[in-house]
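Engineer: from the sequence below, what's the structure:
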Amino acid sequence: MPLLTVNDLRTYFHTRAGVVRAVDGVSFSVDKGETLGIVGESGSGKSVACYSLMGLIPKPPGRIESGTADFDGMDLLKMSERELNRVRGRRVSMIFQDPMTSLNPFLRVEDQLIEPLLLHGLADKQTARRKALEMMEQVGIQGAASRIRMYPHEFSGGMRQRVMIAMALITEPDLLIADEPTTALDVTVQAQILELIKTMQQRMHMAVIFISHDLGVVAGFCDRVNVMYAGRIVESGLTQSIYYHPSHPYNEALQRSIPALQPKGHELFTIEGQPPDLTKPLDGCSFAARCAHVGDLCRRGNPLLKEMKDGHSTACVRVQEGGLELK
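Structural biologist: Got it, this is the predicted structure:
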């Protein structure tokens, strides 16, 4: 039985320019100990979907219009703020995208690390401090005993990210949501952070939702992958299947856009056009205006995910009908 099952999640933002359908009918599940990747370009709804689960959408203008999020028998979307506070940071934790803006610059690292333990009544202050020190050592911060009394600005970007990971894992949660945890880090630090998350995951048998726009990182880190575009999941499957057997033109185009895979001396491939305006109803496939394989079927109705084989699903109607085979 999955640890988390999300069904038909719709999160809209009601603005003066219109209703932005940021997440429009998203469904997925995560098993215990599994790593699920969510990929897509900026604005595809990756982060908004997970912020919705955590109750972190600003209201107004945001509003969860429909859906369920069954987490170990509890619907996260139906919980009151008080009920969510008992789950957030205790059983479900999150690593935010930018540690400099997520950490409080006025509080020492120690005070921020022990806060989740004290808030959830998991330890007294003395025990919490000892556990905070142990966690800093586990995430690879050298000289933790002296550095734990420092402020966030006294740490490098990579060290601040390690502090964020320590904060997220100090309560030993069942589910970790990592929102682009390696953004703006150099390649060496990026590899260290990913290895750290994987090691802690195996130690705690924790489920991970890994949000990223970096296809290379996701390929080596995740068990399954959801590809999102314009607020919807357009392809879903095992990581190897997603990369070696793409079944949606958007996924295929994303992979062709990876600079490292381009032939030397050739012009880099780019996806032409712009994502659709999410304030306007989408008629047909959301990727149709940019798709090189568009057909008459693509411009009608609302394409739904359909499983083709071995848990690999696609929302491309041409692939579903057998009229298109991607390589």
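Engineer: all strands of the stretch 101-250 of the chain, in order?
Structural biologist: For the stretch 101-250 of the chain, the strands defined by DSSP state E, counting those that start in this stretch occupy 175-179, 207-212, 224-229, 232-238.
Engineer: need the ones you listed in a markdown table (columns: mean pLDDT, distance to Leu76 and mean neighbour count).
Structural biologist: Where C-beta positions appear, they are placed from N, C-alpha and C, glycine not excepted. Converted to a markdown table, the strands of the stretch 101-250 of the chain look like this (pLDDT from 0 to 100; distance: least, C-beta to C-beta, whole Å; neighbours: other C-beta atoms under 10 Å):
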| stretch | mean pLDDT | distance to Leu76 | mean neighbour count |
| --- | --- | --- | --- |
| strand 175-179 | 93 | 10 | 23 |
| strand 207-212 | 94 | 13 | 24 |
| strand 224-229 | 95 | 18 | 25 |
| strand 232-238 | 95 | 18 | 24 |
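Engineer: so can I have CSV of the ones you listed showing distance to Asn251?
Structural biologist: Output for these, formatted as CSV (distance: least, C-beta to C-beta, whole Å):
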stretch, distance to Asn251
strand 175-179, 21
strand 207-212, 14
strand 224-229, 5
strand 232-238, 5
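Engineer: which of the ones you listed sits closest to Leu282?
Structural biologist: strand 232-238 (8.5 Å; C-beta to C-beta).
Engineer: who touches stretch 267-277?
Structural biologist: 41, 43-44, 229-230, 253-254, 256-257, 259, 262, 282, 286, 289-290 (C-beta atoms under 8 Å, 6 or more residues apart in numbering).
Engineer: ditto for stretch 251-258
Structural biologist: Against stretch 251-258 from outside (C-beta under 8 Å, 6+ apart): 39-41, 215-216, 227, 234-235, 242-243, 246, 261, 268-271, 290, 292, 326.
Engineer: contacting residues around Ser212?
Structural biologist: Gly37, Ile38, Val39, Glu180, Thr182, Val218 are the contacts of Ser212 under C-beta under 8 Å, 6+ apart.
Engineer: Lys306 and Arg318 touch, don't they?
Structural biologist: No - counting by C-beta atoms under 8 Å, Lys306 does not reach Arg318; the two are 11.9 Å apart.
Engineer: ok, these two, which is more surrounded?
Structural biologist: Arg318 (22 against 13; other C-beta atoms under 10 Å).
Engineer: same for the worst-scoring helix or strand of the chain on mean pLDDT, what does it pack against?
Structural biologist: Using mean pLDDT, DSSP states H and E, the weakest-scoring helix or strand in the chain turns out to be helix 99-102, at a mean of 74. In terms of contacts (3 or more C-beta pairs under 8 Å, 6 or more residues apart in numbering; DSSP states H and E), helix 99-102 is packed against helix 157-169.
Engineer: so which of the strands of the stretch 101-250 of the chain gets nearest Thr314?
Structural biologist: Nearest of the strands of the stretch 101-250 of the chain (C-beta to C-beta): strand 232-238, 5.1 Å.
Engineer: tell me the strands beside the closest one, with direction?
Structural biologist: strand 224-229 (antiparallel), strand 312-314 (antiparallel) (DSSP bridges).
Engineer: CA atoms of that strand as CSV?
Structural biologist: Written as CSV, here are the backbone C-alpha positions of strand 232-238 (Å, rounded to 0.1, in the frame of the first residue of the first chain):
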residue,chain,number,x,y,z
ARG,A,232,-0.5,18.3,-15.6
ILE,A,233,1.5,15.0,-15.6
VAL,A,234,2.0,14.1,-19.2
GLU,A,235,4.2,11.0,-18.7
SER,A,236,4.9,8.6,-15.8
GLY,A,237,6.9,5.5,-15.4
LEU,A,238,10.1,3.8,-14.1
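Engineer: show residues contacting it.
Structural biologist: The contact list for strand 232-238, computed with C-beta under 8 Å, 6+ apart, reads 24-28, 45, 223-228, 242, 246-248, 250-251, 286-287, 305, 310-316.
Engineer: just stretch 56-66 next, same as before
Structural biologist: 8-15, 22, 48, 51-52, 77.
Engineer: and that stretch, how far out from the chain's middle?
Structural biologist: The chain centroid and the centroid of stretch 56-66 are separated by 18 Å under C-alpha atoms, centre = their mean, to the nearest Å.
Engineer: gap between the two ends of it?
Structural biologist: Stretch 56-66 stretches 16 Å from its first residue to its last (C-alpha to C-alpha, to the nearest Å).
Engineer: buried stuff in that stretch?
Structural biologist: Leu56, Ile57, Gly62, Ile64 (16 or more other C-beta atoms under 10 Å).
Engineer: ok, stretch 27-42 next?
Structural biologist: Result for stretch 27-42 [16+ other C-beta under 10 Å]: buried residues Ser27, Phe28, Val30, Glu34, Thr35, Leu36, Gly37, Ile38, Val39, Gly40.
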